[in-house]
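Asker: Mind folding the following:
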Amino acid sequence: MTAHRYDVLGLGNAIVDVIAPVDEEFLVKAKLRKGAMQLVDEQQAQWLYDAMGATTIVSGGSAANTIAGLASFGGKGVFVGKVAADEAGRAFAHDIKAAGVHFATPPASDGPSTARCLVLVTPDGQRTMNTFLGACQNLTCGDLDVAAVAASKIIYLEGYLWDPPAAKEAFVEASRIAHAAQREVALTLSDVFCVDRHQQEFLRLMRDGIVDILFANESELHALYETADFATAVAALRQENVLAVITRSEKGAVVIKGAKTWEVPAAPIDRLVDTTGAGDLFAAGFLTGYTRGEALDACARLGSLAASEIIQHFGARPEVNLAHLAQQSAYLHADGVAPQGV
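Answerer: As a prediction, the model looks like this:
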């Protein structure tokens, strides 16, 4: 195996998030399923935008958020995702480069505009996402930086990419390149309704050896194994030949590898504002520790710390330097499992 140049390469949807607080009645009137992500067309996206009121606009996208979080921890990250040559696309490229992430995917000169995700946040912090994929859908194998894929310790793929056919092909090709270079491939399930759409295919990705590491929250795990019982889902997951990382909100996180289990508590917070990006930033912290060779429970604590930072403000990119936050965190040093690099 040749020496790595990057810690993690993320492959995902390049999206600009438009975030607004709403009440429960707004979701009812708009006929939206609370807590879910649904795909909308450009006309629907414009209608919701007009109805949202005051908004906060930030760059987003699941895998992009993860790689930005990794960079905030001091990791070396790459992101591959498609934007259009428009104002939103330029803003996305500026933001992710400013976060310290290598981003060189060429923008599309024609076709649909840069993707937007309209995020509606209710008072309990739950987010309901309405995504216009736009240029994201045109990500192809030709957009892959083959050398960067082969030079990254971990390839991190978001489940949302399984929707557009061309992006799905790029997803599989990136996995092939990574494994040929003796790298590991991680998959995040992204959303419970994404799992509903692709449940059997996601299971095959693990069972065919395409995916080595799985990230999911509790609801996504239940959907994957079609059970409402957590213990039953975990028992099924133990049979897969993967390292699995399951987040459980305030109940913390569980790491599973075969018969072995590591559990960590959630990092404390002062107030819950917006859960957008919690899973993305958990993955950022976990992968930071994992690529440094830390113990799995220490990796999970780094993930929980990053998630706790992101849910205390609007937006899915860190507002503080996560490496500095880790250095100051009493939570990381509990039970003597603090990562060695902190």
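Asker: pretty sure Thr276 is touching Ile19, no?
Answerer: Yes - the pair Thr276 and Ile19 passes the contact test of C-beta atoms under 8 Å, sitting 6.7 Å apart. Just so you know, the C-beta spots here come from the backbone N, C-alpha and C atoms, and that holds for glycine as well.
Asker: out of those two, which sits in the busier spot?
Answerer: Legend: neighbour count by other C-beta atoms under 10 Å for Thr276 and Ile19, higher for Thr276 (26 against 23).
Asker: Quick check: Ala54 vs Phe314, distance?
Answerer: Ala54 sits at a distance of 11 Å from Phe314 (criterion: C-beta to C-beta, to the nearest Å).
Asker: ok, how many other residues are close to Ala298?
Answerer: Using other C-beta under 10 Å, Ala298 has 24 neighbouring residues.
Asker: now the helices for the stretch 101-250 of the chain?
Answerer: Counting by DSSP state H, counting those that start in this stretch, the stretch 101-250 of the chain has helices at residues 146-150, 165-180, 192-207, 218-225, 230-237.
Asker: elements contacting the third one?
Answerer: Helices and strands touching helix 192-207, by 3 or more C-beta pairs under 8 Å, 6 or more residues apart in numbering; DSSP states H and E, are strand 37-39, helix 218-225.
Asker: For Ala267, find the nearest of those.
Answerer: Distance to Ala267, taken as C-beta to C-beta, is lowest for helix 218-225 among those, at 17.1 Å.
Asker: for that closest one, the distance to its chain's centre please.
Answerer: 16 Å (C-alpha atoms, centre = their mean, to the nearest Å).
Asker: Show the secondary-structure elements that that helix is packed against.
Answerer: Checked by 3+ C-beta pairs under 8 Å, 6+ apart, helix 218-225 has helix 192-207, helix 230-237, strand 243-247 packed alongside it.
Asker: Can you say which of those is packed in most?
Answerer: Using mean count of other C-beta atoms under 10 Å, the stretch among these with the largest mean neighbour count is strand 243-247, at a mean of 23.
Asker: elements contacting it?
Answerer: Using 3+ C-beta pairs under 8 Å, 6+ apart: strand 243-247 touches strand 213-217, helix 218-225, helix 230-237, strand 253-257, helix 278-291, helix 296-310.
Asker: Any idea which helix or strand in the chain has the lowest mean pLDDT?
Answerer: Lowest mean confidence among the helices and strands of the chain (mean pLDDT, DSSP states H and E): strand 56-60, at a mean of 83.
Asker: same for it, what does it pack against?
Answerer: Secondary-structure packing of strand 56-60 (3+ C-beta pairs under 8 Å, 6+ apart): strand 15-21, helix 87-98.
Asker: at 6 Å instead, please
Answerer: Packed against strand 56-60 by the contact rule (3 or more C-beta pairs under 6 Å, 6 or more residues apart in numbering; DSSP states H and E) you find strand 15-21.
Asker: List the pairing partners of the least confident helix or strand of the chain within its sheet, with orientation.
Answerer: strand 15-21 (antiparallel) (DSSP bridges).
Asker: before we move on, the earlier item: could you dump the helices and strands packed on helix 218-225 to JSON lines with distance to Glu25?
Answerer: Formatted as JSON lines, these follow (distance: least, C-beta to C-beta, whole Å):
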{"stretch": "helix 192-207", "distance to Glu25": "22"}
{"stretch": "helix 230-237", "distance to Glu25": "32"}
{"stretch": "strand 243-247", "distance to Glu25": "29"}
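Asker: Out of these, which gets nearest to Ser152?
Answerer: strand 243-247 (17.1 Å).
Asker: what's in contact with the closest one?
Answerer: Strand 243-247 has contacts (C-beta atoms under 6 Å, 6 or more residues apart in numbering) with 213-217, 221, 237, 253-257, 279, 282, 286.
Asker: Drop anything exposed from these.
Answerer: Among the contacts of strand 243-247, the ones that count as buried by 16 or more other C-beta atoms under 10 Å are 213-217, 221, 237, 253-256, 279, 282, 286.
Asker: now the residues you listed as TSV including distance to Ala307 and pLDDT?
Answerer: Supplementary listing: the buried ones among the contacts of strand 243-247 in TSV, determined by distance: C-beta to C-beta, whole Å; pLDDT from 0 to 100:
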residue	distance to Ala307	pLDDT
Ile213	17	98
Leu214	17	98
Phe215	12	98
Ala216	14	97
Asn217	11	96
Leu221	17	97
Leu237	21	96
Ala253	9	97
Val254	14	97
Val255	14	98
Ile256	18	97
Gly279	7	95
Phe282	4	98
Phe286	10	98
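Asker: Let me know the closest of the residues you listed to Val264.
Answerer: Using C-beta to C-beta, Ala253 comes nearest to Val264 of the buried ones among the contacts of strand 243-247, at 5.4 Å.
Asker: Would you agree the closest one is in contact with Val264?
Answerer: Yes - between Ala253 and Val264 there is a contact under C-beta atoms under 6 Å: 5.4 Å.
Asker: picking up where we left off before, select, out of the helices and strands packed on helix 192-207, the one closest to Ala167.
Answerer: Nearest of the helices and strands packed on helix 192-207 (C-beta to C-beta): strand 37-39, 13.1 Å.
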